[in-house]
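# Show me the folded form of this:
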Amino acid sequence: FYFLASLKLFIAMFSSRFFFRSIQSTVNQTKCFCSVPQFVKPKVQIPANQILINGKFQNSVSGKVFNTIDPRTEEVITKVAEGDAADVDLAVKVARKAFDEGAWPKMSGHTRSKILWKFADLIEQNHEQFEMLETWDNGKPLNHSRGDVALAVEHLRYFAGWADKIQGKTIPMNNLMSNHWGYTLHEPIGVCGGIIPWNFPLLMLIWKIAPMLATGNVGVIKIAEQTPLTALFAGKLALEAGIPEGVLNMITGFGPTAGAALADHPDVDKIAFTGSTDVGKEVMKKAANTMKKVTMELGGKSPLLFFNDCDMETALDAAQVALFLNMGQCCVAASRIFVQEDIYDEFVQRTVEKTRLRKVGDGFNEETVQGPQVDREQFEKVMNYIQKGKDGGAKLQFGGNRIGNKGYFVESTVFSDVTDEMAIAKDEIFGPVMQIMKFKTMEEGIQRANKTSYGLGAGVFSQNIDTCNTVSRALKSGTVWINCYDIFDAMVPFGGYKQSGIGREKGEYALDNYMEVKCVIQPLKNPAWQ
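Below you'll find the model as predicted:
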């Protein structure tokens with residue numbers, strides 16, 4: 001009896017120690033991983049996986065398909081039609097006919113407004129399906145997808161409101177050449193090509209098509225191959241809302257085949273592109289062949305400056321959002337964090353403490369704040385830059401590892417003692433990798449913040465209004481946030497200086513991207529006044 005009891009006790013103790021070591025090992029490996037028994041299989045239908053041309057979903061001309069992948073599991077979600085130059089040509093011909101002969105550009109702004117408003121209503125009514133599709137296809141946490149859908153609806157309604165308020169000017173003339181008067185007309189450009197990215201698939205689609213459609217244009221949109229599902233669903237609802245056939249066409253395919261063909265097509269009047277600066281340059285080269293109008297929202301390496309007098313708790317929370325939002329896959333990610341020397345050590349220490357609490361895992365788990373990177377290519381790029389940070393002499397304060405062996409999960413990563421010449425301080429990583437750098441004076445902070453080829457976003461944290469005013473005016477950036485970060489609104493323009501882009505998205509400024517200004521001059525006979 002005693003022998004058996006002792007044996008059972010020994011086995012229990014051994015098993016417990018072995019179990020504890022296994023659990024401890026797992027914890028050490030995953031750190032901030034949000035453990036779940038298994039990945040959630042979303043209960044959502046895929047409404048469309050084909051190309052949209054002339055109001056109909058159809059297979060590609062070649063009949064080819066490609067897989068769209070769940071970044072959590074690396075498993076296939078569904079197969080999607082693979083469009084190329086032949087499909088682009090077909091879509092452009094349809095769009096050209098819709099613009100030259102169709103009703104959309106001839107409609108009153110009031111009528112277009114009602115259709116766009118209905119489109120927004122349909123997206124809102126189907127918000128849960130959009131949210132689940134976005135998280136499934138992109139990997140972002142479900143709560144982030146909810147925010148994206150809400151912003152998309154707001155953006156669409158904002159530009160629906162502009163559709164009947166576009167007007168020119170009556171211009172009095174000096175009449176050195178007899179009496180005349182002039183006025184301007186704001187006219188739609190024509191066939192607009194849009195190339196959208198994978199990091200905010202639905203929201204970036206709406207950023208492009210809302211002002212395009214409100215101003216009476218028609219479009220051919222090349223959807224990111226990594227994340228096609230929500231854009232195609234939006235295309236389906238656009239038809240239901242009453243947007244005429246041929247006005248909004250969508251091509252699913254790859255950049256070198258479909259995207260390049262769209263940028264190069266001679267019958268496309270304008271290209272709007274969001275993506276990396278390197279690809280943007282190639283798009284511009286092709287657009288130049290026919291002198292297309294272009295708007296570009298490109299890469300960034302955004303500086304965020306924390307001065308000694310900043311509110312530390314607010315600053316720490318803002319830094320977490322500014323860099324880690326959307327798994328770091330954000331064009332305005334604050335990937336160069338400058339902290340004034342008196343608070344530098346405390347900032348680094350407390351940033352590490354906050355980063356340890358981040359839950360990385362399945363986006364369908366409500367506790368998750370960071371999902372996987374979008375695909376293997378992006379995952380490998382992020383891991384490569386983490387290694388460059390280590391090799392370059394930066395101090396790895398936290399993270400730096402892959403999580404698990406399935407899916408594209410990367411630990412939230414923090415580097416300190418980063419210097420300006422390091423690769424992680426110069427290049428756009430597009431991942432959850434934070435660089436924290438030290439500066440002494442305001443003048444030094446401004447100079448180093450501007451020492452980049454990018455100029456998309458920036459931020460300043462200080463309780464001194466003079467510091468905020470001086471720095472915000474000195475930074476060469478399209479957007480500067482003061483004591484906040486990543487605050488977006490449909491009414492506020494967005495775009496970059498330098499190699500971060502051309503033109504502005506959002507707000508009234510975005511309308512200019514999609515209109516031609518025509519001046520009409522005519523004689524004025526016997527005017528009662530001038």
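# Would you confirm that Thr170 contacts Cys519?
No. Using C-beta atoms under 8 Å, Thr170 is not in contact with Cys519; the gap is 11.3 Å. Any C-beta I mention is one placed from the backbone N, CA and C, and that applies to glycine too.
# what residues do these two have in common as contacts?
Residues touching both Thr170 and Cys519 by C-beta atoms under 8 Å, 6 or more residues apart in numbering: 182-183.
# what sits against Ala490?
Contacts of Ala490 by C-beta under 8 Å, 6+ apart are 151, 154-155, 157-159, 506-507.
# what separates the most centrally placed residue in the chain from Asp267, distance-wise?
Centroid check for the chain by C-alpha atoms, centre = their mean gives Phe200 as the closest residue, at 4.2 Å. Separation of Phe200 from Asp267 (C-beta to C-beta, to the nearest Å) stands at 29 Å.
# still on that earlier bit, the residue nearest to the centre of the chain touches Asp148, doesn't it?
Yes. Between Phe200 and Asp148 there is a contact under C-beta under 8 Å: 5.9 Å.
# how close does Ile243 get to Leu325?
31 Å.
# let me fix that: Gly363
14 Å.
# more neighbours, those two?
Gly363 (29 against 21; other C-beta atoms under 10 Å).
# For the protein, give me the ranges with low pLDDT.
Scanning the chain for pLDDT under 70 picks out 1-37.
# what separates the helix or strand in which Gln129 is found from the chain centre, distance-wise?
Secondary-structure assignment from DSSP states H and E places Gln129 in helix 127-138. The chain centroid and the centroid of helix 127-138 are separated by 15 Å, computed with C-alpha atoms, centre = their mean, to the nearest Å.
# Can you list the helices and strands that that helix packs against?
strand 65-70, helix 142-162, helix 201-214, helix 229-241 (3 or more C-beta pairs under 8 Å, 6 or more residues apart in numbering; DSSP states H and E).
# could you give the angle of that helix to strand 65-70?
Relative orientation of helix 127-138 versus strand 65-70 (axes from the mean of the first three to the mean of the last three C-alpha atoms, to 10 degrees): 100 degrees.
# Disregarding flanking residues, what is the spatial nearest neighbour of Ala490?
On the basis of C-beta to C-beta, 6 or more residues apart in numbering, the spatially nearest residue to Ala490 that is not a chain neighbour turns out to be Tyr158, at 3.8 Å.
# again, but for Gly445
Sequence neighbours aside, Phe439 is the residue nearest to Gly445 in space, at 4.4 Å (criterion: C-beta to C-beta, 6+ apart).
# How about Lys118?
Ala241 (4.3 Å).
# Also Met204?
Closest to Met204 by C-beta to C-beta, 6+ apart is Ile196, at 4.6 Å.
# Test my guess that Lys208 contacts Phe273.
No. The criterion here is C-beta under 8 Å, and Lys208 misses it with Phe273 at 9.2 Å.
# OK, contacts around Asp391?
Applying C-beta under 8 Å, 6+ apart, we find Asp391 in contact with no residue.
# What's the separation between it and Leu524?
According to C-beta to C-beta, Asp391 stands 73 Å off from Leu524.
# Repeat that for Lys476.
Relative to Leu524, and taking C-beta to C-beta, Lys476 is found at 46 Å.
# Between these two, point out the one with more neighbours.
Neighbours of Lys476 and Leu524, each counted by other C-beta under 10 Å, are more numerous for Lys476; the result is 18 against 15.
# tell me the SS of the more buried one?
Reducing the assignment at Lys476 to three states with DSSP: H, G, I helix; E, B strand; the rest coil gives coil.
# give the contact list for it.
450, 455, 497-498.
# what about 6 Å?
By C-beta atoms under 6 Å, 6 or more residues apart in numbering, the contact list for Lys476 reads 450, 455, 497.
# In a strand, Val220, correct?
Yes. Membership of Val220 in a strand is supported by three-state DSSP.
# All the strands of the stretch 201-350 of the chain, in order from the start?
218-223, 248-252, 270-274, 293-297, 303-306, 336-340 (DSSP state E, counting those that start in this stretch).
# so how far is Asp342 from Asp417?
Distance of Asp417 to Asp342, computed by C-beta to C-beta: 17 Å.
# Please work out how many residues are found near Asp427.
14.
# meant to ask about Thr252
28.
# Double-check Lys395 against Asp417; I have them as touching.
Yes. At 4.4 Å, Lys395 and Asp417 qualify as touching, with contact defined as C-beta atoms under 6 Å.
# neighbour count winner among the two?
Neighbour count, other C-beta under 10 Å: between Lys395 and Asp417, Asp417 has more, with 16 against 13.
# Appreciated, that's everything.
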